[in-house]
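Undergrad: turn this into a model:
(2 chains)
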2 protein chains.
Amino acid sequence: MRYHRIPDESVRRLPLYLRALLFATHDRESISSGALADVVGVNSWQIRKDFSYFGELGTRGVGYNIEKLKKHIRKILKLDVLHKAVLVGAGKLGSAVLLHRGFSVYGFDITAVFDNDPKKIGRKLGDTVIQSVSSLHTLKRRNIDVGIIAVPGDVAQQTVDALVKTGVKGILNFSPSYISVPKKVKVLTIDIAMDLARLPYYMPRNHGAG
Amino acid sequence: MRYHRIPDESVRRLPLYLRALLFATHDRESISSGALADVVGVNSWQIRKDFSYFGELGTRGVGYNIEKLKKHIRKILKLDVLHKAVLVGAGKLGSAVLLHRGFSVYGFDITAVFDNDPKKIGRKLGDTVIQSVSSLHTLKRRNIDVGIIAVPGDVAQQTVDALVKTGVKGILNFSPSYISVPKKVKVLTIDIAMDLARLPYYMPRNHGAG
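TA: Numbering: from 1, shown residues only, chains lettered A, B, ... in the order given. As a prediction, the model looks like this:
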């Protein structure tokens, strides 16, 4: 089965749906677009439209088969294969990332952690021994395809350059800087402060309440 | 000046533009939609469309005045007033959030931190003394409008309920659970693993490279 190019905004919502299907407790085999809409906070017509990109999945009056839907979403998002990832930066945010249990749910395995702080190198973070960034080059041939960087902004670009050389195809950037990569590498930048910046728009104005 | 309702996807992009205008080094007073597009990785027509929601801002052949643009985006996103926030959960992720320097840039001031771990209560996280969650109710009348929760999933809902009682209008949820709130409160859930789940879609398939 070939899939057509899916709009970025639909791709953005697919993990939301997958998350809801994975975490919500279901006592049934099927879920309606309306029920899914209630969980994820997206309109049901939007959900039906997003799912329409991958063919006819729903049954009128019954809804979507949950197992099939999960499988389809995983396949489209290329989460149906294991992705080996490495983390660079074992500070507070890096530690939170590594110890976050959610990654395995989506098929990610964080196999190695790197830092440049001599005090951290050799110590364990969870079950993983922190290695020196100077040994990043040893990752070649280990089939790592995702790099996660949680390093200070001033070393972000050099970290990315080293990761790109190891052959990663995607980078999740938690550093507060813009980074440049070759066209074949995809970067997603996560800025938790910027996420918060969307919130007040939806909040009622506070007129000096006391 | 009144603003029309702006589509959610445009609201999602506005902080990206603001971030680029704040962090990028500018030696000029103006920026073209094309130059901004290069920095944020959004099409220039999309940028022009997003800006069209708040009236004529650009000058043909010159671009957008950077200071004016920042001011407009802040105003639309309601970031032109200071938002007082509190953090509940002083674990690794909570600590990373509190120590993240980015929040003040967008007009957020995290004024208090709470945890339920007796070993943490009374200790300092950055410049802020960690308080017991049992004293959350003291926040009433302190004009806190944003709550950030970084607590385990099993206590997320009770934390949210306590925050809602203090009068917050928005919640940034880092907990791995769905939470329910009254309609007047807006919730944004951030799942860093879910963010990563979008990445492989854009990466070339790895056919067993060795």
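Undergrad: got the CA coordinates for the helix or strand harbouring A:Ala112 in CSV?
TA: With the criterion set as DSSP states H and E, the secondary-structure element containing A:Ala112 is strand A:108-115. Taking C-alpha atoms only, strand A:108-115 is exported to CSV below (Å, rounded to 0.1, in the frame of the first residue of the first chain):
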residue,chain,number,x,y,z
PHE,A,108,12.4,4.3,20.5
ASP,A,109,15.4,2.8,22.3
ILE,A,110,17.8,5.3,23.8
THR,A,111,21.0,3.1,23.6
ALA,A,112,23.7,5.6,24.7
VAL,A,113,24.2,8.8,26.6
PHE,A,114,27.0,11.3,26.2
ASP,A,115,28.2,14.3,28.1
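Undergrad: tell me the mean pLDDT for that strand?
TA: The average pLDDT within strand A:108-115 is 95.
Undergrad: got phi/psi on the nearest residue to A:Val62 once chain neighbours are set aside?
TA: For A:Val62, ignoring the flanking residues on the chain, the nearest one in space by C-beta to C-beta, 6 or more residues apart in numbering or on different chains is A:Ser30 at 5.2 Å. From N, CA and C alone the C-beta is placed, and that goes for glycine too. Taking degrees, to the nearest 10, you get phi -120, psi 160 for the backbone angles of A:Ser30.
Undergrad: confidence score at A:Ser30?
TA: With respect to pLDDT, A:Ser30 has a value of 87.
Undergrad: go on, the one 3 residues further on?
TA: A:Ser33 is assigned a pLDDT of 89 by the prediction.
Undergrad: give me the distance between it and chain B.
TA: Computed as C-beta to the nearest C-beta, to the nearest Å, the A:Ser33 to chain B distance reads 17 Å.
Undergrad: now swap in A:Leu139 and tell me
TA: Taking C-beta to the nearest C-beta, one finds A:Leu139 at 13 Å from chain B.
Undergrad: what is the neighbour count of that residue?
TA: For A:Leu139, the neighbour count with other C-beta atoms under 10 Å in any protein chain shown is 22.
Undergrad: chain neighbours aside, what residue packs nearest to A:Leu18?
TA: In space, not counting the residues next to it along the chain, A:Leu18 is nearest to A:Ile73; the distance is 4.6 Å by C-beta to C-beta, 6+ apart.
Undergrad: touching chain B at all, the host helix or strand of A:Gln131?
TA: According to DSSP H and E, A:Gln131 maps onto strand A:128-132. No. Contact between strand A:128-132 and chain B, assessed by C-beta under 8 Å from any C-beta of the partner chain, is absent, since the two come no nearer than 14.3 Å.
Undergrad: so what strands line up beside that strand?
TA: Strands flanking strand A:128-132 in the sheet, each with its direction: strand A:108-115 (parallel), strand A:124-125 (antiparallel) (DSSP bridges).
Undergrad: and the shortest one, how far out from the chain middle?
TA: The reference is to strand A:124-125. The chain centroid and the centroid of strand A:124-125 are separated by 22 Å, computed with C-alpha atoms, centre = their mean, to the nearest Å.
Undergrad: same thing with the first one?
TA: Mean C-alpha position of strand A:108-115 versus that of the full chain (C-alpha atoms, centre = their mean) differs by 15 Å.
Undergrad: picking that back up, OK, contacts around the residue nearest to A:Val62?
TA: A:59, A:62-66 (C-beta atoms under 8 Å, 6 or more residues apart in numbering or on different chains).
Undergrad: can you check A:Ile121 too?
TA: A:115, A:130-132.
Undergrad: now neighbour count and distance to A:Val86 too, for the residues you listed, in CSV please.
TA: Rendered in CSV, the data for these read as follows (neighbours: other C-beta atoms under 10 Å in any protein chain shown; distance: C-beta to C-beta, whole Å):
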residue, neighbour count, distance to A:Val86
A:Asp115, 22, 12
A:Ile130, 22, 11
A:Gln131, 20, 9
A:Ser132, 14, 13
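Undergrad: my guess is A:Val86 meets A:Ala150, correct?
TA: No. Here A:Val86 does not reach A:Ala150: they are 11.4 Å apart, not a contact under C-beta atoms under 8 Å.
Undergrad: noted, bye for now.
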